[in-house]
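> have a look at this fold, sequence not included:
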């Protein structure tokens, strides 16, 4: 238990900082429900996969490689269906979409959990900075390709981060999505997480049908495999901070499980959650014009990728 739990009270939802994924789904029976999770093989994704299957749901468990997807599912349940989906490779995403559609199971929810964080050196895919491409463009392709498979009351859940408030000064550097003009590991990560919120908001306001919802969230600070690219000094700082402010993995997975499954959120859309309660994101994240510009720019990127 982190020391900060003693000072953070539960919010209006009845849950809070110290709530776990099992706690927020305790009274639910998800038999007959179907979800999709990206990044299912470790950390928050694996915990979410475990809890949803434990509650009776079928889950498409997406991971970057066949081995990772199969290993994750073999640990959990026969209701976990392994899907290979490398979010940095459009062809892999398209194959995953086709495989999911072929199963004939409509989706109650899509949980966009996978991410890469704070790559120390600039890496690119198809000419774009990798965090932007993987965290935003990859999920954009996957989710827009599966909207037709989303139930009439289905939910999209985008994992963002508090780091969305620490993006570049423009919010999104549309003239530098390659990262060539300047690159900061943390600002680039923050930019990709801002994109996640804006994408969720645009889906909510302009794309989804009346009873479908799209929300975003910050899971908290958690010691997961996402931290693997951190500088050794930051890793040491994380270890020191663990007993003070870091959540456990079950606590970190609570907000995405809550937003994806709680019946009281059936009409809540376009919101940003922290610790299982609605919170206020940055001013950039609340800008519908910026969300539209990102949507149109991402569509242009996809048109370019289709020609490559």
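Sure, I can see it. Please read these numbers as outputs of a predicted model, since none were measured by experiment. Numbers count the residues shown, from 1 in each chain.

> max-length strand in this protein?
Ranked by residue count, the top strand of the chain under DSSP state E comes out as strand 150-159.

> can you list the strands that it pairs with?
Here strand 150-159 is paired, per DSSP bridges, with strand 107-112 (parallel), strand 213-218 (parallel).

> now those strands in a markdown table, with distance to residue 60?
Just so you know, the C-beta spots here come from the backbone N, C-alpha and C atoms, and that holds for glycine as well. Output for the strands paired with strand 150-159, formatted as a markdown table (distance: least, CB to CB, whole Å):
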| stretch | distance to residue 60 |
| --- | --- |
| strand 107-112 | 8 |
| strand 213-218 | 18 |
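
> to residue 80, which of those strands lies closest?
strand 107-112 (13.3 Å; CB to CB).

> what's the following helix or strand after the closest one?
Once strand 107-112 ends, the next helix or strand along the chain (criterion: DSSP states H and E) is strand 124-125.

> tell me how far that following strand is from the chain's mean position?
Remark: strand 124-125 is offset 20 Å from the chain centroid, using CA atoms, centre = their mean, to the nearest Å.

> stretch 23-36 too?
That offset, for stretch 23-36, works out to 18 Å (CA atoms, centre = their mean).

> quick one on the thing from earlier: switch the strands paired with strand 150-159 over to JSON lines; also include mean pLDDT and distance to residue 65.
Putting those into JSON lines (pLDDT from 0 to 100; distance: least, CB to CB, whole Å) gives the following:
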{"stretch": "strand 107-112", "mean pLDDT": "98", "distance to residue 65": "19"}
{"stretch": "strand 213-218", "mean pLDDT": "98", "distance to residue 65": "26"}
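
> nearest to residue 302, out of these?
Of all those, strand 107-112 comes closest under CB to CB, at 16.5 Å.

> the longest helix anywhere in the chain packs against which elements?
The residue-count maximum for a helix in the chain (DSSP state H) belongs to helix 288-307. Other helices and strands packing on helix 288-307, by 3 or more CB pairs under 8 Å, 6 or more residues apart in numbering; DSSP states H and E, are helix 139-146, helix 185-202.

> now with 10 Å?
Taking 3 or more CB pairs under 10 Å, 6 or more residues apart in numbering; DSSP states H and E as contact, the helices and strands that helix 288-307 lies on are helix 90-102, strand 128-129, helix 139-146, helix 185-202.

> how about these, which one is nearest residue 52?
helix 90-102 (15.8 Å).

> out of the helices and strands packed on helix 288-307, deepest packed?
A comparison of the helices and strands packed on helix 288-307 by mean neighbour count, using mean count of other CB atoms under 10 Å, puts helix 185-202 on top with a mean of 25.

> and that one, what's its mean pLDDT?
Averaged over helix 185-202, pLDDT sits at 98.

> and for stretch 269-288?
98.

> can you list the buried residues in it?
269-278, 281-282, 284-285, 287 (16 or more other CB atoms under 10 Å).

> in strands, which of the residues you listed fall?
Short answer: these in strands (DSSP E) are 272-274, 277-278.

> max pairwise distance over those residues: which two?
Farthest pair in these, by CB to CB: 272 and 277, 10.2 Å.

> any common contacting residues for the two?
Common neighbours of residue 272 and residue 277, using CB atoms under 10 Å, 6 or more residues apart in numbering, do not exist here.

> low-confidence regions, this protein specifically.
Within the chain, the stretches with pLDDT under 70 are 1-8, 224-245.
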